[in-house]
Structure formats: structure tokens, C-alpha cells
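Chemist: just coords:
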């Protein structure tokens, strides 16, 4: 178990795979490119071995490889101490739609043997996990919108409890099929972050890119919880203050990655109240899927941004906040944000 401040969890590798990523690493708010324009599977993954992978699996493999290359070799970490956590909502949604259509119209025997293994969402990360020898654990989280940030939270807990020495955190999404909720509104692509204890990273001479700490919560979307000063306001304030104990004397810039629902508008209201004009509130569109919040956090890290907070929320009650910052150490007690996962 990690207890020393020198062994806080840090980010040593970042991999961004997105049609909105510019060469500088930031996210462009303009129209996204088509798949043919922005992702060259042959260039990313090599000439063979990926032909039958679903697009979401290709994005995940590319982002994971990029992050691991950026983190540098960690061969001294035994495979049983390497972990992988994936967050996704719709990375296999087009494939599931096609499978359902095939079964209904022609029968299960007509399913392609090449894609049939992807009948379950937790199979998505199997190629990356086996390729990179992640034998400690491979977890898939599917909470709406917040799964990518929750993956950071789960990975941090595993590292602090000694379940792993290095964890690759990922989020991946594909286009939501037409006719399904969220179609045309979500990000596609993937992001990868390599997390490890600071002490381990320093001993192996890794370049520390910064820190990313996450807290999550659930506030039922009923019963007047969203009224000013209600349960939602209290939980938003609790998450922000837990991540930023110095908030009252030094509030940080806030990026609200929200979906436009009534719940997200209430969260934006509460965040504006917390900043009270001392720092800008940057609002970004989340759309469908869980990629956007983690992608924004990773883009901020990749450009060396100073300390800031990324917040996201869903109409169904999920809420998550991430503190993203430079490589400086932020001291917390063993009972603090790195040592627990909020319910």
C-alpha cells in the first residue's frame, strides 16, 4: 500500500486518438473528420493483424500503444503487477446492432467467426491486455458518461492498495448508430493514460507528465435534488473541495464537460457559484459516450496545463470530477482522494 507522498500516483504516458486532436495536442472544436481522413489503421497498427477488429478496438489499441511508448519501458514490472482499466459506453455499439440484425434476420449461425468473439463489451480490451501482458487485471467500466474518469479512480485505488505497479487507463468509443439515443452527438476515438507511483517513475527515469485525480458520486435525478442548495449542489461542492483543499483561497479553472441536460445545466450553475467569478468556467459539449471528459483531461495534461478541474455529469445521476495538473506534488493524507473511491 502506498502511504508516502513521494509515492503519489502520476501520469507518465499519454495517448490521444481523436479526429479533433490537433498536432499541438489540444482538441479542436471544429467539425470532426471522417474515419478515412483521420485514422489510418495500417500506419497505426501495422500491415496485418487488425483487419477484423471493430473500429473501437482499433482506436483502443492505437491509443494504448501510444501511451505505453510515451511512458517508456517498464520491463521490470512483472506482468501480474500490470493492470488495464477501460471505460466505454458505445465502442461496440455498431457491431452489436449488426449482430442483432443478423440473428433476427438470418440466425445466429450467420454471425461472422471473426467478429463473434466481441459479443460482450468486456472482450474489447482483450487484444491490448494480451499484447502488453496485463496479467494483474483487466477491467471494463460502462457507467454512462463518467466511465472514463471512473477508470482513473479505480486505477488509482489499485495502485495505492498495491494491486498493481503500473496501470493503463483507457476510454474508447465508436459512432453511435443512427436511430439510437445519442446518435451523431458523441466523440469517437480513444485515450490512454499510464499511471504509476511517483517513486517508481522517478527510479526508472520516466518523464512525469502530471497528475490526474478523480472523485465520483451519484445523485438520484429526482426529488428536487437539483434545486439550488440541494443534494446536487452539496455533492458538487464536496467533490471539488475534496480534490482541491485549497479551493477557498485559490480556486482553479474549471472545465465543465456536459451534455446539455437539465442536470448538466444545474451542475454548471453550481460550478459557477463555486468559482464566483474568480476563475473562468469553460463549458464543453460531452455528447454521447464517456470519451469526452477523459479526452479533455488528457489533452490538458498533454499541453502542460496548470492545475484545473474537469467536471462531468449525466441526466441519470452520475457525477465525476478530475483534478488535472502539472508534475508538482500535491500532498494528501492516506485517507484522502488517492486512497478511496466515492460511492
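Modeler: Cool, got the structure. These figures come from a predicted structure and were not determined experimentally. Numbering: from 1, shown residues only.

Chemist: quick one: low-confidence parts of the protein?
Modeler: The chain contains residues with pLDDT under 70 at 1-6, 20-36, 48-49, 96, 100, 182-185, 327-343.

Chemist: in it, which spans are helices?
Modeler: 35-38, 41-45, 55-71, 93-105, 126-131, 147-160, 198-203, 231-243, 262-275, 291-302 (DSSP state H).

Chemist: Burial-wise, tell me which of those helices comes out on top.
Modeler: With neighbours defined by mean count of other C-beta atoms under 10 Å, none of the helices of the chain is more surrounded on average than helix 291-302, at a mean of 28. The C-beta positions use only the backbone N, C-alpha and C, and glycine is treated the same way.

Chemist: residues in contact with that helix?
Modeler: Outside helix 291-302, the residues within contact range by C-beta atoms under 8 Å, 6 or more residues apart in numbering are 11, 14, 16, 18, 21, 25-27, 87, 145-146, 148-149, 151-152, 169, 171-173, 186-191, 193, 209-210, 212, 255, 257, 284-286, 308, 310, 312, 320, 322, 324.

Chemist: residues contacting the residue nearest the centre of the chain?
Modeler: For the chain, residue 148 is the residue whose C-alpha lies nearest the centre (C-alpha atoms, centre = their mean; 2.7 Å). Neighbouring residues of residue 148 by C-beta under 8 Å, 6+ apart: 87, 171, 191, 290-291, 293-295.

Chemist: Which members of the contacts of helix 291-302 are classed as buried?
Modeler: Applying 16 or more other C-beta atoms under 10 Å to those, the neighbour count classes 11, 14, 16, 18, 21, 26-27, 87, 145-146, 148-149, 151-152, 169, 171-173, 186-191, 193, 209-210, 212, 255, 257, 284, 286, 308, 310, 312, 320, 322, 324 as buried.

Chemist: Contacts only, for residue 239.
Modeler: 215-217, 311, 319-321, 342 are the contacts of residue 239 under C-beta under 8 Å, 6+ apart.

Chemist: now those residues as a markdown table including distance to residue 225?
Modeler: Below are the contacts of residue 239 laid out as a markdown table (distance: C-beta to C-beta, whole Å):
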| residue | distance to residue 225 |
| --- | --- |
| 215 | 18 |
| 216 | 16 |
| 217 | 11 |
| 311 | 17 |
| 319 | 11 |
| 320 | 16 |
| 321 | 17 |
| 342 | 16 |
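
Chemist: separation between the residue located most distally from the centre of the chain and residue 93?
Modeler: What lies farthest from the middle of the chain is residue 106; by C-alpha atoms, centre = their mean that is 37.1 Å. According to C-beta to C-beta, to the nearest Å, residue 106 and residue 93 sit 20 Å apart.
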